[in-house]
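Trainee: Pasting a predicted model and its sequence here:
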Amino acid sequence: LVWDDFCSWYLELVKPGMGQSMQPDLIHQTINFFEDLLRILHPFMPFITEELWHTLQSRSEKDYLIVASMPKPLAVDTEILKQFEAAAELISQIRNLRKSKNISMKESIEVTFLKGRDTGHEKYHSLIMKLCNLSSIAETTSKPTGVASLMVKEHEYFIHTGSFINKDAERVRINQELDYTKSFLESVEKKLTNERFISNAKAEVIALEKKKQSDAEARIRLLTEQLEALKN
């Protein structure tokens with residue numbers, strides 16, 4: 001909760017750009033969130049949380065964290081959580097792609113996408129641009145060629161890396177991943193064609209293996225398309 005949700009995501013999202021200032025109401029809300037975290041952590045980390053509690057703002061001598069009330073549970077908007085989960089997945093995939101292709105975060109790149117079933121995470125595109133250093137992110141009606149692609153929910157995203165990619169090295173990397181994925185798919189299909197496994201395994205186990213099969217098949221199609229695109 002603290003390290004991932006608050007530090008890695010929330011603080012990165014609200015952090016102002018270089019030379020910009022943070023809005024007072026946003027600073028106030030962020031401090032409120034952090035104080036709630038201190039309340040929750042206090043029974044487990046009493047001394048450091050008490051020190052932070054009094055460092056955040058001036059308090060009276062009797063206003064100790066140890067006697068502060070716990071945060072009250074509020075209603076949770078599960079739809080927003082699902083939307084942000086999809087946005088976070090896209091951010092992670094773009095960052096991983098940058099890393100795998102040795103593209104510096106200083107280099108601004110363009111992203112387009114083919115829209116599938118609406119998942120609502122498009123509302124986070126401005127934040128995705130900020131956290132991934134994108135020059136733009138826009139919908140397209142056809143698949144571009146010579147670009148890297150990735151899937152998030154029902155949307156297919158195209159990363160226009162341009163001259164940042166070494167095509168020869170990228171072909172080697174994709175072929176290696178393609179070989180691994182085909183081998184993985186073969187092992188899953190052996191399970192699913194094994195009568196002993198089918199008759200003895202629980203329904204949820206079989207369902208999981210079938211999902212692995214469909215995911216691997218989708219990954220193989222995507223990797224094959226990426227290889228074709230690199231020929232152009």
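Mentor: Great, that's in hand.

Trainee: going forward, measure contacts and count neighbours with C-alpha atoms only.
Mentor: Will do.

Trainee: Now whichever helix or strand residue 51 is part of: average pLDDT?
Mentor: Secondary structure from DSSP states H and E places residue 51 in helix 46-56. Mean pLDDT, helix 46-56: 94.

Trainee: burial of residue 58, as a residue count?
Mentor: Neighbour count for residue 58, taken as other C-alpha atoms under 10 Å: 9.

Trainee: And it, how far from residue 43?
Mentor: Residue 58 is 22 Å from residue 43, where distance means C-alpha to C-alpha, to the nearest Å.

Trainee: now residue 167
Mentor: 54 Å.

Trainee: Neighbour count: those two, which is higher?
Mentor: Between residue 167 and residue 43, counted using other C-alpha under 10 Å, the more crowded position is residue 167 (15 against 12).

Trainee: contacting residues around that one?
Mentor: Applying C-alpha atoms under 8 Å, 6 or more residues apart in numbering, we find residue 167 in contact with residue 230.

Trainee: make it 10 Å
Mentor: The contact partners of residue 167, by C-alpha atoms under 10 Å, 6 or more residues apart in numbering, come to 101, 146, 173, 227, 230-231.

Trainee: ok, these vs residue 83, which is closest?
Mentor: Nearest to residue 83 out of the contacts of residue 167 is residue 101 (C-alpha to C-alpha; 27.4 Å).

Trainee: Helix or strand with the lowest mean pLDDT in the chain?
Mentor: strand 148-152 (a mean of 82; mean pLDDT, DSSP states H and E).

Trainee: next helix or strand past that one?
Mentor: Assigned by DSSP H and E, the successor of strand 148-152 is strand 155-160.

Trainee: what's the angle from whichever helix or strand comes after that next one to strand 148-152?
Mentor: From strand 155-160 onward toward the C-terminus, using DSSP H and E, the following helix or strand is helix 167-192. On the basis of axes from the mean of the first three to the mean of the last three C-alpha atoms, to 10 degrees, helix 167-192 is oriented at 40 degrees to strand 148-152.

Trainee: List of residues touching the helix or strand following helix 167-192?
Mentor: On the C-terminal side of helix 167-192, the nearest following helix or strand under DSSP H and E is helix 195-200. Contact partners of helix 195-200, identified using C-alpha under 10 Å, 6+ apart, comprise 190-192, 201, 205-206.

Trainee: and which of those residues is nearest residue 72?
Mentor: When these are ranked by distance to residue 72 (C-alpha to C-alpha), residue 205 comes first, at 38.6 Å.
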